[in-house]
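Visitor: What follows is a predicted structure for the sequence shown.
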Amino acid sequence: MKWMFVTSDYLYIDEGSEEIKDQIRHASYSLLKTLPSMEFADLFTAYRSGRVSPEDFTDRIVESESFENFVSSFSKQWLRFSEISQNAPDRVKYAPFYDDDLEVEFQKETTSYIKYLFTENRKLTELIKSDYHFINDKLAVLYGIENVRHNEVRKVDADDANDRMGILSHGGFMAATSNGVEDMPFRRAKWISENILDKVIPPPPDEIDVTAFGKAESQDFASRIEAHIVSESCQDCHKLLDGLAIDIHMFDGLGRLKEKDFSDEEVRSHLMSLTGKVSSSDRGIASAFTKNLITFINGRRPGIGDLQVVDTILNENKETGYRARDILRDVIAHFFEVVPQ
């Protein structure tokens with residue numbers, strides 16, 4: 001019975017309840033992913049009455065020990081980490097995944113990275129481009145990063161020459177968007193388009209002819225794509241995905257560079273190209289992140305009214321560069337409104 005009453009479905013049902021105890025429970029689960037403590041109940045009551053500002057309320061949320069639960073759950077949902085176990089990496093091809101228990105390390109890496117954006121109120125562009133990593137010795141070996149000796153996942157300054165791209169080169173993202181044997185560049189490209197560039201990809205046609213792609217196996221990846229998209233039904237999606245897929249195809253199923261398939265020059269070229277594509281719009285990155293944050297907090301996809309809220313939030317945060325904690329503050333202010341007593 002206890003399990004049933006703390007599930008998200010149950011707690012989201014009483015979102016609109018006029019009872020303060022129901023509102024407190026809903027807010028605690030939405031923002032901390034835990035049942036409410038006495039401290040949270042007092043804080044939320046003070047916030048709802050206007051005695052605590054949205055900024056101070058958000059600061060207390062982010063500084064809470066339970067905020068780790070929020071970030072961990074958000075990371076798992078947003079980057080679809082559950083798909084790692086559903087498409088488990090091949091034990092022979094990806095032995096380090098099992099030898100070093102990397103699924104656990106991947107979750108720590110991404111959770112630590114995203115939590116840092118909130119706690120330090122960093123710009124959301126750092127999701128895909130930053131001068132730091134959150135890694136330990138196991139992840140450093142996997143990624144080819146030298147001079148990391150510590151066991152715990154923590155912040156490490158990045159070498160300018162290092163081939164990493166924020167969460168887009170995290171092993172968790174790479175494994176979740178693979179099929180366990182091969183990397184899936186189009187699956188990765190679709191996720192990037194929708195979750196970084198804020199461009200939704202329409203569903204593919206019911207029948208897709210990939211014969212030309214398969215027959216072109218002796219050619220490079222880009223040439224095989226070109227051979228495939230002679231079909232008009234495939235061209236619209238490919239216009240949005242091809243460039244991203246070609247560039248990110250240099251990473252394998254765990255986020256390692258395919259050193260046997262790509263020269264150093266090709267790696268630099270693809271990295272530069274991919275960086276240019278994903279960093280083309282600060283507002284697009286912030287918009288996609290805000291929509292995912294609203295989805296996670298509310299337990300539903302944004303509706304038309306929510307999209308108007310997103311535009312308002314982005315407009316309010318444009319001058320400061322779309323920072324993570326500021327965005328969270330405004331989401332809270334819009335969806336957990338102050339009701340002066």
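Guide: Arrived safely. Numbers count the residues shown, from 1 in each chain.
Visitor: Please tell me how far residue 185 sits from residue 168.
Guide: Distance from residue 185 to residue 168, counting by Cβ to Cβ, to the nearest Å: 12 Å. Where C-beta positions appear, they are placed from N, C-alpha and C, glycine not excepted.
Visitor: list the residues that contact both of those two?
Guide: Residues touching both residue 185 and residue 168 (Cβ atoms under 8 Å, 6 or more residues apart in numbering) are residue 248.
Visitor: Could you count how many residues lie near residue 312?
Guide: 12 (other Cβ atoms under 10 Å).
Visitor: In CSV, could you pull the C-alpha coordinates for whichever helix or strand it is part of?
Guide: Per DSSP states H and E: residue 312 is located in helix 304-317. Extracted in CSV, the C-alpha atoms of helix 304-317 (Å, rounded to 0.1, in the frame of the first residue of the first chain):
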residue,chain,number,x,y,z
ILE,A,304,-0.2,24.6,-25.7
GLY,A,305,-0.5,26.8,-22.6
ASP,A,306,2.8,25.4,-21.3
LEU,A,307,4.6,26.4,-24.5
GLN,A,308,3.5,30.0,-23.8
VAL,A,309,5.0,29.6,-20.3
VAL,A,310,8.3,28.3,-21.9
ASP,A,311,8.5,31.4,-24.1
THR,A,312,7.9,33.7,-21.1
ILE,A,313,10.6,31.9,-19.1
LEU,A,314,13.1,32.1,-22.0
ASN,A,315,12.4,35.8,-22.5
GLU,A,316,13.0,36.5,-18.8
ASN,A,317,16.3,34.7,-18.9
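Visitor: That one packs against which elements?
Guide: helix 282-298, helix 324-335 (3 or more Cβ pairs under 8 Å, 6 or more residues apart in numbering; DSSP states H and E).
Visitor: Please state the offset of the last one from the chain centre?
Guide: When distances are taken as Cα atoms, centre = their mean, to the nearest Å, helix 324-335 is centred 17 Å away from the chain's centroid.
Visitor: same question, stretch 55-68
Guide: Distance, centroid of stretch 55-68 to centroid of chain: 20 Å (Cα atoms, centre = their mean).
Visitor: where does residue 18 land on pLDDT?
Guide: pLDDT, residue 18: 72.
Visitor: and the gap between it and residue 80?
Guide: Distance from residue 18 to residue 80, by Cβ to Cβ: 36 Å.
Visitor: Those two: which is more packed in?
Guide: Neighbours of residue 18 and residue 80, each counted by other Cβ under 10 Å, are more numerous for residue 80; the result is 17 against 8.
Visitor: Need the nearest residue in space to that one, chain neighbours excluded.
Guide: residue 176 (4.9 Å; Cβ to Cβ, 6 or more residues apart in numbering).
Visitor: Next, the contact list for that neighbour, please.
Guide: Counted by Cβ under 8 Å, 6+ apart, residue 176 has contacts 79, 80, 81, 82, 83, 84.
Visitor: distance between the ends of stretch 135-147?
Guide: Counting by Cα to Cα, to the nearest Å, you get 11 Å between the two ends of stretch 135-147.
Visitor: whoops, stretch 120-139 was the one
Guide: End-to-end distance (Cα to Cα), stretch 120-139: 23 Å.
Visitor: Going by neighbour count, which residues in that stretch are buried?
Guide: 121-128, 130, 133-139 (16 or more other Cβ atoms under 10 Å).
Visitor: From the chain's centroid, how far away is that stretch?
Guide: On Cα atoms, centre = their mean, the centre of stretch 120-139 falls 12 Å from that of its chain.
Visitor: same question, stretch 259-273
Guide: That offset, for stretch 259-273, works out to 24 Å (Cα atoms, centre = their mean).
Visitor: Also stretch 286-297?
Guide: 10 Å.
Visitor: Contacts for it next, please.
Guide: 30-31, 73-74, 77-78, 124, 127, 194-198, 301-302, 306-307, 309-310, 313-314, 317, 322, 324, 327-328, 331, 335.
Visitor: Only C-alpha atoms, please: export it in CSV.
Guide: This file holds the C-alpha atoms of stretch 286-297, laid out as CSV (Å, rounded to 0.1, in the frame of the first residue of the first chain):
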residue,chain,number,x,y,z
ALA,A,286,17.3,26.4,-23.3
SER,A,287,13.9,25.8,-24.8
ALA,A,288,14.4,22.0,-25.2
PHE,A,289,15.8,21.7,-21.6
THR,A,290,13.0,23.8,-20.2
LYS,A,291,10.3,21.6,-21.9
ASN,A,292,12.0,18.5,-20.6
LEU,A,293,12.1,20.0,-17.1
ILE,A,294,8.4,20.9,-17.2
THR,A,295,7.6,17.4,-18.4
PHE,A,296,9.6,15.8,-15.6
ILE,A,297,8.2,18.0,-12.8
